[in-house]
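Q: Task: produce atomic coordinates for the following.
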Amino acid sequence: MRLEGQARLGYYPTPPAIAHILARACRPAHADQPWTVCDPFCGPGDALLAFDTPYRYGVELDEGRAAQATAQPLTVITGNAFDVSLPAQSLSVLFLNPPYDWDPIANIRIELLALHTFVSAVKVHGLVFLIFPKTILSSLLTTAADLPLRPLGFYRFPDPDYDRFQQVILIA
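A: The predicted structure is shown next:
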């Protein structure tokens, strides 16, 4: 990871417009039934706030950003997302925008490790949003084939964000 990324603990927030577009895609069939969303790399919680449910959960490594998130109507744990155990099939929506880096211990990209680690927490008819750099698309396709996912599509960030960040979203 570049020095700037290391200083930020790999934190690169989801643009608010993208978070709102994805959150609008999450309209439960029965509005009276509770649904949950989790962002294991939530930063100050801005992306989570876009989702229209009172059941919004996050994990944030940086204490300052975690404090910002806990000041919002969110439930947030301060710590390493990979140290948190999420119950199987407990989430309606899993929102992943993990640090873009390589995990030398697991010998895998962190984005792919996050997908492997947290996908089992998603309910059968739940949604997964994974934001990742387009440079790992082929690795993601190989990895996703081994997971209980049914990809609904890959979408690139709209301009001008795509030109700047070269990010893609997997919706599964």
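Q: What residues of stretch 76-91 count as buried?
A: Neighbour counts over stretch 76-91 (16 or more other C-beta atoms under 10 Å) mark 76, 77, 78, 81, 82, 86, 91 as buried. From N, CA and C alone the C-beta is placed, and that goes for glycine too.
Q: show me what contacts the first one?
A: By C-beta atoms under 8 Å, 6 or more residues apart in numbering, residue 76 lies in contact with 42, 45, 57, 58, 59, 60, 66, 69, 70.
Q: and the host helix or strand of it, what's its mean pLDDT?
A: Element membership for residue 76, per DSSP states H and E: strand 75-78. Across strand 75-78, the average pLDDT comes to 98.
Q: thinking again about what came up before, ok, so of the contacts of residue 76, who is nearest residue 113?
A: Nearest to residue 113 among these is residue 59, at 14.2 Å by C-beta to C-beta.
Q: okay, the closest one: pLDDT?
A: What the model reports as pLDDT for residue 59 is 98.
Q: Tell me what it is bridged to.
A: On the basis of DSSP bridges, residue 59 is bridged to residue 77.
Q: Tell me how many other residues crowd it.
A: Neighbour count for residue 59, taken as other C-beta atoms under 10 Å: 22.
Q: Show me which of the buried residues of stretch 76-91 is closest to residue 103.
A: Proximity of the buried residues of stretch 76-91 to residue 103 (C-beta to C-beta) peaks at residue 82, which lies at 8.7 Å.
Q: so who does that closest one touch?
A: 113, 117.
Q: any idea how far it is from residue 130?
A: Distance, residue 82 to residue 130, by C-beta to C-beta, to the nearest Å: 16 Å.
Q: Now the most centrally placed residue in the chain: closest residue in space that isn't a chain neighbour?
A: Against the mean C-alpha coordinate of the chain, by C-alpha atoms, centre = their mean, the closest residue is residue 96 at 1.1 Å. Excluding its sequence neighbours, the residue lying closest to residue 96 (C-beta to C-beta, 6 or more residues apart in numbering) is residue 130, at 4.5 Å.
Q: And that neighbour, how close does it get to residue 163?
A: For residue 130, the distance to residue 163 - C-beta to C-beta - is 21 Å.
Q: So these two - more neighbours on which side?
A: More crowded of residue 130 and residue 163, by other C-beta under 10 Å: residue 130, with 25 against 9.
Q: Mind listing the residues bridging to that one?
A: In beta-bridge terms (that is, DSSP bridges), residue 130 pairs with residue 96, residue 170.
Q: residues touching residue 89, list them.
A: Contacts for residue 89 (C-beta under 8 Å, 6+ apart) come out as 120, 121, 122, 123, 124, 126.
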